[in-house]
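Chemist: using only what follows, build the 3D model:
(one chain, ligands or ions: 3)
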Amino acid sequence: MPLISKYNRPVPRYTSYPTVPYWQEQIPEQERWLSAINRRMEENEEVSLYVHLPFCEKLCTYCGCNKRITKNHSVEHPYIEAVLAEFRIYLRGLKRRPRLKELHLGGGTPTFFSPAMLGHLIDGILEHVDVAEDHSFGFEAHPNSTTFEHLETLAARGFRRISIGIQDFNPEILRIINRDQSEEDVTRTVNDARALGYTSINFDVIYGLPTQDQRDIIYTVNKIREMRPERIAFYGYAHVPWVSPGQRAYSEKDLPQGRDKWNLYATGRDLLEEAGYQDIGLDHFSLPEDELSKAHQSGRLHRNFMGYTTADSPVTIALGCSSIGDSWDMYVQNEKKVETYQQIVLVEDRLPIIKGHELTESEQKVRRHILNLMCQGYTEWKAETMRCEALERAVLQWNDMATDGILVRSPYRVEVLPAGKPFLRNVCLPLDDHYWNRQPQNTTFSKAI
Ligand SMILES: C=Cc1c2[nH]c(c1C)Cc1[nH]c(c(CCC(=O)O)c1C)Cc1[nH]c(c(C)c1CCC(=O)O)Cc1[nH]c(c(C)c1C=C)C2
Ligand SMILES: C[C@H]1O[C@@H](n2cnc3c(N)ncnc32)[C@H](O)[C@@H]1O
Ligand code: SF4
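Modeler: Ligands and ions are numbered 1, 2, ... in the order given. Sure thing, here's the model as predicted:
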């Protein structure tokens, strides 16, 4: 397939636009960020809350997330106190009482924390907010540390969604990526979650792990078919050893690349579709009865830093180290180092913002087009409000892509074809003014496939 060689180059994942490497130099002021949130909340007091819980007991060598490895659980208490202190700083600055629509505990490993500590965290948040009737609360679970008590504690506080890190089911692959997890751990977590009333279970799975081959993907997808989680995040392994030195633990020669990696993806996708999962766009599959599939069909899909969601993008307040907040016209990111984060919040009593970006009007339009492509597979600009300069360059490049058969063009419209779905990131690239003004060094983004 020649398309692979043409499109398999470093491309941003577009979890944000502009992407983080192109954010402004200056650090945004706390007051500016608070007024951006307040402005947004004047129209809609709903809030999406993300809490980053960075600790893990053991390093999975492929991991590209912001995490801290330790077996010392005395870190739990000061960290939770810092998160609650950070939330209180927000509450002081907000003009309205938030109505909590989404709550997501990400990591690192939220289940590193004891159930009691997580209960304390959630209670400390819920006491200051109203909860939206159609709220969606979820957390990331490591199968080897998720107990019945964790699931029970969070279910009692309104959690109905759980995302389980699987990566691969083959014990040999798990050994190579230094991951302690058994099939029994996963089955137990899934069964307990279902028994406790969780309605949406997600599995994170990765293709392209070191030494992973067709048999591993088939084996893994067959296990998925048996357990039937509502959603699958099927990620391509991102090799970024300059950010995640743990990835130097294995030889690059063992990484499936190019056509081999593509075939792993294609096999996984075909088997998932055969089992009734729908491809809803970049990396994500879901069963037709799941909210995500329904939102996809009715055009209500939204995408944020954590993947796809169904909400109409309320403001995201992000707590914890390295978290990213988003008011649609502004992003901020928190200090990444645990100790510095805690010092700023607990001692200096201010928000730990270390970078951010205020979007210009044209950046907001580009962001809208990228979201449309990622969430609906098409975008349009007949309306004056959707026009921006970036489209002039984009249209030229899209016309070329149309001849490759990955998208169709019509006046004021571009639509990605099924054959183009794996190249969604490439279809967004022509819109990225920052990228074309200043092309990055090779060590910024991971490859498309
Ligand atoms: C739980 C771990 C997380 C994963 N992604 C994120 C978290 C917290 C959120 C995230 N992902 C990226 C950014 C940077 C934002 C941007 O530039 O727009 C954030 C905040 C993008 C990203 N993700 C990975 C890499 C290498 C990059 C940057 C470069 C690029 O755009 O390619 C690796 C990676 N991390 C996660 C996944 C699923 C993943 C790759 C598939 C989890
Ligand atoms: C949160 C999820 O992110 C995925 N994840 C973490 N690191 C990487 C990487 N380097 N490449 C691809 N996916 C990754 C895992 O599947 C994890 O469960
Ligand atoms: S994959 Fe999960 S458990 Fe493993 S190091 Fe990364 S955050 Fe921790």
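Chemist: and Tyr50, what does it touch?
Modeler: Shown in contact with Tyr50 (CB atoms under 8 Å, 6 or more residues apart in numbering): 104, 106, 305-306, 316-320, 323-325. The C-beta positions use only the backbone N, C-alpha and C, and glycine is treated the same way.
Chemist: are we agreed that Gly106 is in a strand?
Modeler: Yes. With DSSP: H, G, I helix; E, B strand; the rest coil as the criterion, Gly106 is part of a strand.
Chemist: and it, what pLDDT?
Modeler: pLDDT, the model's per-residue confidence, is 97 for Gly106.
Chemist: same deal with the one 4 residues further on?
Modeler: Reported pLDDT at Pro110 in the predicted model: 98.
Chemist: sorry, back to before: okay, and which of the contacts of Tyr50 map to helices?
Modeler: Assignment to helices by DSSP state H places none of the contacts of Tyr50 there.
Chemist: show me what the helix or strand bottoming out on mean pLDDT in the chain is packed up against.
Modeler: Least confident helix or strand of the chain, by mean pLDDT, DSSP states H and E, is strand 307-309 with a mean of 76. Where contact means 3 or more CB pairs under 8 Å, 6 or more residues apart in numbering; DSSP states H and E, strand 307-309 is packed against strand 302-304.
Chemist: what does the strand it packs on rub up against?
Modeler: Strand 302-304 is contacted from outside by 15, 48, 282, 295, 308-313, 316, 326, 371, 374-375, using CB under 8 Å, 6+ apart.
Chemist: which parts of the protein sit against ligand 3?
Modeler: Proximity of the chain to ligand 3 (CB under 6 Å from any ligand atom) is limited to residues 56, 59-60, 63, 65, 67, 107-109, 142, 165.
Chemist: which of the residues you listed lies closest to Glu389?
Modeler: Among the residues of the chain next to ligand 3, Cys65 lies closest to Glu389 (CB to CB), at 35.0 Å.
Chemist: for the closest one, give its distance to Ile280.
Modeler: Cys65 sits 22 Å away from Ile280 when distances are taken as CB to CB, to the nearest Å.
Chemist: burial count for Asn8?
Modeler: A count of nearby residues for Asn8, using other CB atoms under 10 Å, gives 19.
Chemist: do Arg175 as well
Modeler: 10.
Chemist: would you mark the buried spots in the host helix or strand of it?
Modeler: Here Arg175, judged by DSSP states H and E, is contained in helix 171-176. Judged by neighbour count using 16 or more other CB atoms under 10 Å, the buried positions of helix 171-176 are 173-174, 176.
Chemist: just stretch 278-288 next, same as before
Modeler: Judged by neighbour count using 16+ other CB under 10 Å, the buried positions of stretch 278-288 are 278-287.
Chemist: hmm, Leu151 is touching Ile162, no?
Modeler: Yes. The pair Leu151 / Ile162 is scored as a contact, 7.4 Å apart, by CB atoms under 8 Å.
Chemist: more neighbours: those two, which one.
Modeler: Ile162 (29 against 24).
Chemist: wait, a helix at that one?
Modeler: No. Judged by three-state DSSP, Ile162 forms no part of a helix; its state is strand.
Chemist: quick one, grab the pLDDT at it.
Modeler: 98.
Chemist: report the beta-bridge partners for it.
Modeler: As for beta bridges, Ile162 partners with Phe139, Ile201 under DSSP bridges.
Chemist: between the buried residues of stretch 278-288, which sits nearest ligand 1?
Modeler: Asp283 (6.9 Å; CB to the nearest ligand atom).
Chemist: flag every residue of the stretch 101-250 of the chain that's near ligand 2.
Modeler: 165, 167, 204, 206, 235, 237-238.
Chemist: columns pLDDT and secondary structure on top of those, output as JSON lines?
Modeler: Putting these into JSON lines (pLDDT from 0 to 100; DSSP: H, G, I helix; E, B strand; the rest coil) gives the following:
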{"residue": "Gly165", "pLDDT": "98", "secondary structure": "strand"}
{"residue": "Gln167", "pLDDT": "98", "secondary structure": "strand"}
{"residue": "Asp204", "pLDDT": "98", "secondary structure": "strand"}
{"residue": "Ile206", "pLDDT": "98", "secondary structure": "strand"}
{"residue": "Tyr235", "pLDDT": "96", "secondary structure": "strand"}
{"residue": "Tyr237", "pLDDT": "96", "secondary structure": "coil"}
{"residue": "Ala238", "pLDDT": "94", "secondary structure": "coil"}
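Chemist: torsion angles phi and psi at Ile166?
Modeler: phi -110, psi -60 (degrees, to the nearest 10).
Chemist: and stretch 217-225, which residues are buried?
Modeler: Residues of stretch 217-225 classed as buried: 217, 220-221, 223-224 (neighbour count, 16+ other CB under 10 Å).
Chemist: no no, stretch 289-300
Modeler: So for stretch 289-300, counting by 16+ other CB under 10 Å, buried means 290-293, 295-296, 300.
Chemist: pull the distance from it to the chain's centre.
Modeler: When distances are taken as CA atoms, centre = their mean, to the nearest Å, stretch 289-300 is centred 18 Å away from the chain's centroid.
Chemist: contacting residues around that stretch?
Modeler: Residues outside stretch 289-300 that contact it (CB under 8 Å, 6+ apart) are 200, 230-231, 278, 280-281, 284, 286-287, 301-302, 308, 310, 312, 375-376.
Chemist: neighbours of Met117, how many?
Modeler: So Met117, with other CB under 10 Å, has 17 neighbours.
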